[in-house]
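>>> could you look at this predicted model? Sequence included:
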Number of protein chains: 2
Amino acid sequence: MTTPEPRPARRATTIADVAGAAGVSRQTVSNTLNAPHRVHPDTLARVTAAIDRLGYRPDQSARSLRTGERRTIGYLAPVDDPHDPNPLMAGFLEALVDAAGAEGHHVLLLRPAAGERHARAAIDAVVAARQVDGLILADVLPDDPRAAHAARLGIPFAAFGRTGPGLPPHWVDIDNAAATAEAARHLAERGHRRVAFVGAATPLPWLAARRDGFHREAARLGLTLVPAPADGDLRTLLRSPGRPTAVAADNDLAALDIYEAARTEGLHIGRDLAVTGFHDTPLARHLRPPLTSLRLPLRPIATALVTRLLTQLRGAPTPAEGVELRADLIVRPSSSHHPPSP
Amino acid sequence: MTTPEPRPARRATTIADVAGAAGVSRQTVSNTLNAPHRVHPDTLARVTAAIDRLGYRPDQSARSLRTGERRTIGYLAPVDDPHDPNPLMAGFLEALVDAAGAEGHHVLLLRPAAGERHARAAIDAVVAARQVDGLILADVLPDDPRAAHAARLGIPFAAFGRTGPGLPPHWVDIDNAAATAEAARHLAERGHRRVAFVGAATPLPWLAARRDGFHREAARLGLTLVPAPADGDLRTLLRSPGRPTAVAADNDLAALDIYEAARTEGLHIGRDLAVTGFHDTPLARHLRPPLTSLRLPLRPIATALVTRLLTQLRGAPTPAEGVELRADLIVRPSSSHHPPSP
DNA sequence: ATGTGTGATTTGAACGTTCAAATCGCCCCA
DNA sequence: TGGGGCGATTTGAACGTTCAAATCACACAT
């Protein structure tokens, strides 16, 4: 059984239709849209009226073919570990689409072929088919193969995550070290003297920066840094005689792990133990007590990335350095009490 | 200060370049790609070699202009409540891009203009500019204005979430009621006799279906349904004399709320109280004990949506009904023990 | 009256591809 | 020997737009 389609999608209106309706030539319609200062005010009004009446929009394919501009930027998603997806991906994408849209650009989603980490094929395909003006890369490493490939091809890109010395500095990132340093300061202000930092034991630079930032600031403040157990068992950390009164985590799920371990040990979060997270996911608000966490400024990041990319597209000189933004510490009850007196 | 661009992006190779290199005409190159059966095997080999050597890919803009095919589908994101984002958005998008890619299509992200729920302008713009062949809509309501608008314009679409009687049945969804019914059966099998269902008090059809499915199956199995307090206070639910020994939630974060309330009441999840969630987010694995949850088959959903859309694009007859898929119950320790004896 | 400058508008061409029709080469049969 | 038929290939046109150059209308100065 079949359903009839509402309409057979009649031929769309073209610039010629508008020109006919307004009694002018194609080019005048084109100018009305692209260079209004060149057309007489009266004509402008007449053509604009015709455009509105007919609902005309330039065919993007035709326009692209002629001008070379695609008005589309590709977003190359990182290859997520399905067990540990980037919790901010969705929010970042929304911000990115809005930021690009504000500049008249669309976002095309790209994915590396299955099992391929460097995504070379995906980049080649979309560049060769001339479907995007440039690329936005996320979760970029200093020597990221995607950035390297884009640079090699000479296609503009902007990276969320800083690029290393061998690559163009077209990056935007938050200052991860400063973020966790702020968490350390916050805990010190609340009176904590013995603190710990827990998180994934990976060499991912942004995670390493979070750890370093916390460690450095804690040392600067004269806090005692309790090392996290190598085996990742949080209960032994919380059980030790000189246990920390505050623990910072490199993401919200890791903070949840701390909550769980603390409960097992009979410690009351907020009263016996302060905790901070990272990312400020919805989880942070649902935990009891609600979790202090570091919120990433996703919209400013997206805007900065788009700006950086468009600068290249317009051939303007690009800054010699990347852009670094601050994360915001959202203080909630998990860390707002003072530590138990020893 | 400026950084030099690696390469000035030299002119890309066109079909004429390949034709020249292979000593044939444009059209033969085109046929090699689009209708290989029409070209002589020897020629085919020669042209293919030239294509590979020069790294030729047809310019998608030129091709679209000529054929009308964009090979791109638009994804119209739902307007998320920033406080309660769809936890599966990122995973679904990945699956969608892969499914579309397998059919030679790209995914273009669209967003309604700020403050606009029906997204009419966004659809109009992208359709008028002929940038997409069709639309994928997510979180679709029975009378969804986006689907209605797409149908009115006659542009193909496929909806994640079922459409109502007034709209074409181009939808794919999971059987929400069957999913929670399975959870109810699972709990009954474990020996639970008094159960409850908690979740958002919204009229969203998929949430209502989850509640109904659970309630109906519980009734059918002769279980006692403990009503959730109207004020949403889970502690009163767990404190009542005839308290449930098992609680199902309509999403994982709501399940977390149950964990929190249970701990406040001194109940041990898994031993004193069984809990199930929905969505199988990473949270489910991090909770202690790990949370039983319903996992959505995102890749099959994405594939079904793409199939449904491409069917319309090809002008083939479309089924009179939507497609309904099953969610998988992932059993974890939060619900695998038997209830306390009364 | 004639040229000159200028703003507004039009004309022809081109972007790179594929469609439709035309041409070519060759075998086969009357 | 002259078509007819057929597979392989080429040619011309067209998709809808914008660029570059040409034309037009008109005011102004000489």
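Nice, I can see it. Because the structure is predicted, anything quoted here is derived from the model rather than measured.
>>> check contacts around residue A:24.
A:43, A:46, A:47 (C-beta atoms under 8 Å, 6 or more residues apart in numbering or on different chains). Yep, even glycine has a C-beta here, placed from its N, CA and C like the rest.
>>> the first one contacts residue A:29, doesn't it?
No. Here residue A:43 does not reach residue A:29: they are 9.9 Å apart, not a contact under C-beta atoms under 8 Å.
>>> so what sits against both of these two?
Common neighbours of residue A:43 and residue A:29 (C-beta under 8 Å, 6+ apart) are residue A:22.
>>> so which bits of the stretch 101-250 of chain A are right by chain B?
Selection of the stretch 101-250 of chain A residues close to chain B by C-beta under 8 Å from any C-beta of the partner chain yields A:101, A:106-111, A:114, A:124-126, A:128-131, A:151-155, A:168-169.
>>> ok, now with 10 Å
Taking C-beta under 10 Å from any C-beta of the partner chain as the contact definition, the stretch 101-250 of chain A meets chain B at A:101-102, A:106-111, A:113-114, A:122, A:124-132, A:150-156, A:167-170.
>>> out of these, list just those in strands.
If you go by DSSP state E, those have A:106, A:107, A:108, A:109, A:110 in strands.
>>> just to be sure, residue A:73 is in a strand?
Yes. Under DSSP: H, G, I helix; E, B strand; the rest coil, residue A:73 sits within a strand.
>>> how about it: which residues does it bridge to?
residue A:107, residue A:134 (DSSP bridges).
>>> run a quick neighbour tally on it.
26 (other C-beta atoms under 10 Å in any protein chain shown).
>>> residue contacts, the spatially most central residue of chain A?
Chain A has residue A:92 as the residue nearest its centroid, 4.3 Å off, counting by C-alpha atoms, centre = their mean. Applying C-beta atoms under 10 Å, 6 or more residues apart in numbering or on different chains, we find residue A:92 in contact with A:75, A:86, A:136, A:138, A:160, A:296, A:298, A:299, A:301, A:302, A:305, B:90.
>>> hang on, the earlier thing: which among the contacts of residue A:24 gets closest to DNA strand C?
residue A:43 (3.4 Å; C-beta to the nearest atom of the strand).
>>> wait, that closest one touches residue A:31, no?
Yes. Counting by C-beta atoms under 10 Å, residue A:43 does reach residue A:31; the two are 9.2 Å apart.
>>> is chain B within reach of stretch A:274-291?
Yes. Counting by C-beta under 10 Å from any C-beta, chain B is contacted by stretch A:274-291 at A:281, A:282, A:283, A:285, A:286, A:287, A:288, A:289.
>>> off-centre distance for that stretch?
With C-alpha atoms, centre = their mean, to the nearest Å as the basis, stretch A:274-291 stands 20 Å off its chain's centre.
>>> same question for it: list its buried residues.
For stretch A:274-291, burial by neighbour count (16 or more other C-beta atoms under 10 Å in any protein chain shown) applies to A:274-284, A:286-291.
>>> go on, stretch A:135-142?
A:135, A:136, A:137, A:138, A:139, A:140, A:141.
>>> any chance of these in JSON lines, plus pLDDT and secondary structure?
Output for those, formatted as JSON lines (pLDDT from 0 to 100; DSSP: H, G, I helix; E, B strand; the rest coil):
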{"residue": "A:135", "pLDDT": "98", "secondary structure": "strand"}
{"residue": "A:136", "pLDDT": "98", "secondary structure": "strand"}
{"residue": "A:137", "pLDDT": "97", "secondary structure": "strand"}
{"residue": "A:138", "pLDDT": "95", "secondary structure": "strand"}
{"residue": "A:139", "pLDDT": "94", "secondary structure": "coil"}
{"residue": "A:140", "pLDDT": "95", "secondary structure": "coil"}
{"residue": "A:141", "pLDDT": "93", "secondary structure": "coil"}
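>>> so which of the buried residues of stretch A:274-291 are in strands?
Per DSSP E, the buried residues of stretch A:274-291 map to strands at A:274, A:275, A:276.
>>> quick one, helices of the stretch 151-300 of chain A?
With helices called from DSSP state H, counting those that start in this stretch, the stretch 151-300 of chain A shows them at A:176-189, A:205-220, A:234-239, A:252-264, A:282-286, A:298-313.
>>> who wins for proximity to DNA strand C among those helices?
Closest among the helices of the stretch 151-300 of chain A, using C-beta to the nearest atom of the strand: helix A:298-313, at 18.0 Å.
>>> hmm, that closest one touching DNA strand D?
No. Shown here: helix A:298-313 not in contact with DNA strand D (C-beta under 7 Å from any atom of the strand), separated by at least 14.3 Å.
>>> list the strands paired with the helix or strand following that helix, with their directions.
Once the chain leaves helix A:298-313, the next helix or strand it forms, by DSSP states H and E, is strand A:323-325. Strand pairing for strand A:323-325, determined by DSSP bridges: strand A:171-174 (parallel).
>>> any of the residues of the stretch 101-250 of chain A next to chain B buried? List them.
A:101, A:106-111, A:122, A:125-132, A:150-151, A:153, A:155-156, A:167-170.
>>> ok, whichever residue of the stretch 201-342 of chain A sits closest to DNA strand D - contacts?
For the stretch 201-342 of chain A, the residue closest to DNA strand D is residue A:314, as judged by C-beta to the nearest atom of the strand, at 13.5 Å. Contact analysis of residue A:314 by C-beta under 10 Å, 6+ apart lists residue A:156.
>>> same thing with residue A:196?
Counted by C-beta under 10 Å, 6+ apart, residue A:196 has contacts A:214-215, A:218, A:223-229, A:234, A:237-238, A:240, A:243-249, A:258.
>>> now, of those residues, which are buried?
A:214-215, A:218, A:223, A:226, A:228, A:234, A:237-238, A:243-249, A:258.
>>> ok, the nearest residue in space to residue A:282 that is not next to it in sequence - how many residues close by?
In space, and not counting its chain neighbours, residue A:282 is closest to residue B:253: 6.1 Å by C-beta to C-beta, 6 or more residues apart in numbering or on different chains. Using other C-beta under 10 Å, residue B:253 has 22 other residues around it.
>>> in TSV, list the residues of stretch A:274-291 next to chain B along with pLDDT and distance to residue B:178.
As requested, these are exported to TSV (pLDDT from 0 to 100; distance: C-beta to C-beta, whole Å):
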residue	pLDDT	distance to residue B:178
A:281	96	29
A:282	95	27
A:283	96	28
A:285	96	31
A:286	95	27
A:287	96	31
A:288	94	32
A:289	96	37
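>>> so residue A:143 makes contact with residue A:159?
No. Between residue A:143 and residue A:159 there is no contact, the gap being 11.7 Å when judged by C-beta under 10 Å.
>>> residues shared between the contacts of these two?
With C-beta under 10 Å, 6+ apart, residue A:143 and residue A:159 have common neighbours residue A:167.
>>> hang on, the earlier thing: and the residues of stretch A:274-291 next to chain B, which is closest to chain B?
When the residues of stretch A:274-291 next to chain B are ranked by distance to chain B (C-beta to the nearest C-beta), residue A:288 comes first, at 4.1 Å.
>>> if I look at the closest one, how far off is DNA strand C?
60 Å (C-beta to the nearest atom of the strand, to the nearest Å).
>>> contacts only, for that residue.
The neighbourhood of residue A:288, defined by C-beta under 10 Å, 6+ apart, consists of A:259, A:269, A:270, A:333, A:334, B:256, B:257, B:259, B:260, B:261, B:263, B:264.
>>> also residue A:108?
Per C-beta under 10 Å, 6+ apart, neighbours of residue A:108: A:70, A:72-76, A:100, A:126, A:131-132, A:135, B:72, B:97, B:106-109, B:131.
>>> check which residues of the host helix or strand of residue A:99 are buried.
In this structure, residue A:99 sits in helix A:89-102 according to DSSP H and E. Neighbour counts using 16+ other C-beta under 10 Å place A:89-101 of helix A:89-102 among the buried residues.
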